[in-house]
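Visitor: coordinates only, sequence not included:
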Ligand SMILES: Nc1ncnc2c1ncn2[C@@H]1O[C@@H]2COP(=O)(O)O[C@H]2[C@H]1O
């Protein structure tokens, strides 16, 4: 028996789902993962269909205010994009909490955990407001590399851009701290000199 349809005639279910997902008349799609990924600046090098394919590897999760996302020193395997709400990053030394920074809608966290083998979280993260995030984990990335090598190389390219941007931010913070440290040293030296003069 001859085949009724050739391969080219067969319906591509993924394409249908994709066309459905980008239909502006379907309001509920405003909250779907491809729609949220489309708003993500680092993924701008991916086309609509690629974002749709990528969304298969992402998960959406909500957190209540005060819920811990991860703790400093935990083994980290997930990378998160903030959809709404706010995250506080902090570190603890001798039982004392030090604020590191706040992250908001469209910020990212956990990229090192996704990319580095055996990475331990450099800081703790807590939801400081009701929070919604998209997350991708190492097993998702490994599956994507096997199933969609082209897509995963574009995603990893976006991730490397993000890591470079963060490196620039951290380098700027280190420069600022060095200048502040050197100013403080000058002040301490001046105070010590004055004290020595007064003691004589
Ligand atoms: N100073 C900082 N500014 C912004 N983000 C940070 C800072 N320090 C740590 N992070 C983020 O917090 C995350 C903690 O988990 P990771 O170490 O995987 O990746 C880290 C970064 O994404």
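Guide: Sure, I can see it. Remember, predicted model here, so these are calculated numbers, not experimental data.

Visitor: Let me see the contact set for residue 87.
Guide: With contact taken as Cβ atoms under 8 Å, 6 or more residues apart in numbering, residue 87 is in contact with 69, 102-104, 107, 109, 125-128, 131. To be clear about C-beta, it is placed using only N, CA and C from the backbone, and glycine gets the same treatment.

Visitor: The ligand: which of those residues is nearest?
Guide: If you rank the contacts of residue 87 by distance to the ligand using Cβ to the nearest ligand atom, residue 109 comes first, at 4.1 Å.

Visitor: just to revisit the earlier point, restrict the contacts of residue 87 to those near the ligand?
Guide: Contacts with the ligand within these, as defined by Cβ under 6 Å from any ligand atom: residue 109.

Visitor: Let me have the contacts of residue 87 in JSON lines, extended by secondary structure and pLDDT.
Guide: Supplementary listing: the contacts of residue 87 in JSON lines, determined by DSSP: H, G, I helix; E, B strand; the rest coil; pLDDT from 0 to 100:
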{"residue": "69", "secondary structure": "strand", "pLDDT": "94"}
{"residue": "102", "secondary structure": "strand", "pLDDT": "97"}
{"residue": "103", "secondary structure": "strand", "pLDDT": "96"}
{"residue": "104", "secondary structure": "strand", "pLDDT": "95"}
{"residue": "107", "secondary structure": "coil", "pLDDT": "92"}
{"residue": "109", "secondary structure": "strand", "pLDDT": "94"}
{"residue": "125", "secondary structure": "strand", "pLDDT": "97"}
{"residue": "126", "secondary structure": "strand", "pLDDT": "97"}
{"residue": "127", "secondary structure": "strand", "pLDDT": "97"}
{"residue": "128", "secondary structure": "coil", "pLDDT": "97"}
{"residue": "131", "secondary structure": "strand", "pLDDT": "95"}
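
Visitor: From the contacts of residue 87, list just the buried residues.
Guide: 69, 103, 109, 125-128, 131 (16 or more other Cβ atoms under 10 Å).

Visitor: circling back: including distance to residue 45, could the contacts of residue 87 go into TSV?
Guide: Compiled in TSV, the contacts of residue 87 are given as follows (distance: Cβ to Cβ, whole Å):
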residue	distance to residue 45
69	27
102	28
103	22
104	23
107	19
109	21
125	27
126	32
127	30
128	31
131	27
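
Visitor: of all the contacts of residue 87, which comes closest to residue 144?
Guide: Closest approach to residue 144 among the contacts of residue 87 (Cβ to Cβ): residue 109, at 19.9 Å.

Visitor: could you say what helices and strands the top helix by length along the chain packs with?
Guide: Assignment by DSSP state H gives helix 149-199 as the longest helix of the chain. Contacts defined by 3 or more Cβ pairs under 8 Å, 6 or more residues apart in numbering; DSSP states H and E place helix 149-199 against helix 48-55, helix 111-115, helix 138-147.
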